[in-house]
Every structure is written in C-alpha cells, then in structure tokens.
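*Asks:* Give me a 3D structure for the following:
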Amino acid sequence: MNLIHKIKSFQELNVTELYELLRLRSEVFVVEQNCVFQDMDGKDQQCYHLLLFSGSKLAAYSRLVPAGVSFPEVSIGRVITSSAFRGTGLGKKVMELAIEGCEDLFGAKVIRIGAQTYALPFYTSLGFVSDGEVYDEDGIEHVEMIRTSTSD
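*Replies:* A predicted model of the protein is given here:
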C-alpha cells in the first residue's frame with residue numbers, strides 16, 4: 001500500500017482536500033454511525049488536519065486540535081478510517097502520525113481525547129489511559145483519555 005500523509009492548517013487545505021475530509025467525516029460519523037450532529041463545529045479553522053492517502057484515495061483522517069480549543073490540553077479528534085481501508089492497520093497509523101504531529105506542532109507532552117467507549121482497547125494500545133466517567137455525546141458513549149509523552 002502506497003501511503004502518503006499531509007498535515008495542513010485549515011487555510012492550507014485546497015478545495016478538493018477540504019471536500020474529501022468533510023465527505024469522509026459525514027460518511028462515517030453521520031451516515032454509518034447514524035448520528036445526526038453538527039460535524040462542522042467551528043473548530044476546524046483553528047486546527048491542523050492530518051490526511052492519510054492510499055494512492056489518490058483519502059483512506060484515514062484526524063484533526064489535531066491546539067490546547068484550549070476542545071480541552072485545556074492539545075487533543076486529537078475526528079479520527080476516521082474509510083470503510084474501504086478498515087482492517088489494514090491504517091487506524092493505528094493515522095493515530096501514530098497524529099501523536100507525532102501534535103508533538104511536532106504544539107510541543108505536546110499531554111494529549112487528551114474524547115474516545116468512543118468501544119474503541120478503548122485501541123486507544124489504550126497507543127498509550128492512552130481513561131481519565132473520567134463515561135458520558136453521552138450525540139447518543140454515543142465516550143470517555144476522556146490522556147496520553148503523556150514518553151519522550152523528553
């Protein structure tokens with residue numbers, strides 16, 4: 001699999017990249033998860049966007065969120081793997097790239113996420129630990145998790 005990733009600020013995204021990432025987010029979070037919610041939440045303009053391509057197809061995506069936008073800490077959100085690429089390890093790859101991107105862009109030592117509870121084992125395997133109670137977000141159970149950098 002020929003993988004290429006890009007990390008861009010909102011202003012650096014071209015129209016095609018913006019369309020593709022919004023299409024994928026809608027496909028997974030709204031249609032597939034049958035969850036009516038306001039995906040375009042006004043935070044995208046303050047974030048960086050990690051796009052992971054397999055050839056010319058957007059295969060996975062995540063949003064790198066500066067401290068103070070979603071949480072007091074830097075965070076990663078909107079983590080998605082296209083259904084066409086699930087089971088190939090791209091979920092792990094996009095998260096590893098997102099963690100690295102947060103450390104490079106923001107000097108992040110702590111990263112906080114709001115994880116869907118079904119994915120807790122996945123995020124735990126990446127060094128995240130639960131930090132709080134389960135809560136409902138748009139009809140889906142979530143829990144906050146944090147990851148502390150192991151690098152100095």
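*Asks:* Can you list the low-confidence ranges for the chain?
*Replies:* For the chain, residues meeting the criterion pLDDT under 70 lie at 30-31, 35-38, 150-152.
*Asks:* at 50 instead, please
*Replies:* Along the chain, the model assigns pLDDT under 50 to residues 152.
*Asks:* residue boundaries of the helices in it?
*Replies:* Ranges of helices in the chain, per DSSP state H, are 15-25, 90-106, 120-124.
*Asks:* can you put the ones you listed in TSV and add mean neighbour count?
*Replies:* Any C-beta I mention is one placed from the backbone N, CA and C, and that applies to glycine too. Below are the helices of the chain laid out as TSV (neighbours: other CB atoms under 10 Å):
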stretch	mean neighbour count
helix 15-25	15
helix 90-106	19
helix 120-124	15
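*Asks:* From residue 123, how far off is the closest residue in space to residue 10 that isn't next to it in sequence?
*Replies:* Once flanking residues are discounted, residue 10 sits nearest to residue 45: 4.7 Å by CB to CB, 6 or more residues apart in numbering. Distance of residue 45 to residue 123, computed by CB to CB, to the nearest Å: 26 Å.
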